[in-house]
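Chemist: Structure, please.
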Amino acid sequence: FYFKYGLRPTPAEVVESPFLPPQAELPFAPVQRRYTGYQKYQGRINGGLTLFSGELRSAIEKGAWADIEPLLEKGAKSKGNSKVSGEGTGVAASDLRSSCRALGLFANTVLQSENDSGTTTANLLARHLINEVYFSFDDIADAAKASDKEAAKAGWLRAKDYLNGYLRIVNFPISSKVGDKFTLIDATL
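Modeler: Below is the predicted model of the structure:
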């Protein structure tokens, strides 16, 4: 969104955007496409939301800094094949970080029509929110390394706002034929 419009809207500004309901219509995505995307990604999305509002929140509250690093592992590409059994040496991203990819892929299925020649503004807004969540995870990881509880809390609260903004957007096209709407995060620190 930033690269197209030069703006970095807050979650509240995104929800009140002229590109989203009730101010505007979302691009048409067939029910089957939304249903398939929901079935494919809702497990990873809900898993990430549970980790975020459960384990990550608890670790920040307790100041359990060592527990935060594995929760926010970014992962690393393989540096070639290891000599042992031909396996790669890469490190997988944590389930919480990986859920960000699921958020983006799900947004593509519900906020983008197959007939659109470019990315829709609604999808750009959703991607912006996901990027800000990911950057907030970086802030939390940095705060954990510095044992800075206030900065970690601020990062978590910012990520919560961006996640809830994203969930509000993708909940619009989720009808009863698609599945259950995602529950907003109401936990606090």
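
Chemist: all contacts plus neighbour counts: C-alpha atoms, from now on.
Modeler: Will do.

Chemist: Would you mark the buried spots in the longest helix seen in the chain?
Modeler: Scanning the chain for the longest helix, with DSSP state H as the assignment, gives helix 121-145. Going by neighbour count (16 or more other C-alpha atoms under 10 Å), the buried part of helix 121-145 is 121-134, 136-144.

Chemist: Can you list the neighbours in contact with that helix?
Modeler: For helix 121-145, the external contacting residues (C-alpha atoms under 8 Å, 6 or more residues apart in numbering) are 1-2, 8, 11, 14, 19-20, 26, 65-66, 68-69, 72, 97, 100, 103-104, 107-108, 111-112, 149, 151-153, 155-156, 158-160, 162-163, 165-166, 169.

Chemist: of those, buried ones?
Modeler: Those of those that meet the buried threshold are 1, 11, 14, 19-20, 26, 65, 68-69, 72, 97, 100, 103-104, 107-108, 111-112, 149, 151-153, 155-156, 158-160, 162-163, 165-166, 169, by 16+ other C-alpha under 10 Å.

Chemist: Quick check: nearest residue in space to the residue nearest the centre of the chain, chain neighbours excluded?
Modeler: Centroid-nearest residue in the chain: residue 100, 3.8 Å away (criterion: C-alpha atoms, centre = their mean). For residue 100, ignoring the flanking residues on the chain, the nearest one in space by C-alpha to C-alpha, 6 or more residues apart in numbering is residue 130 at 6.4 Å.
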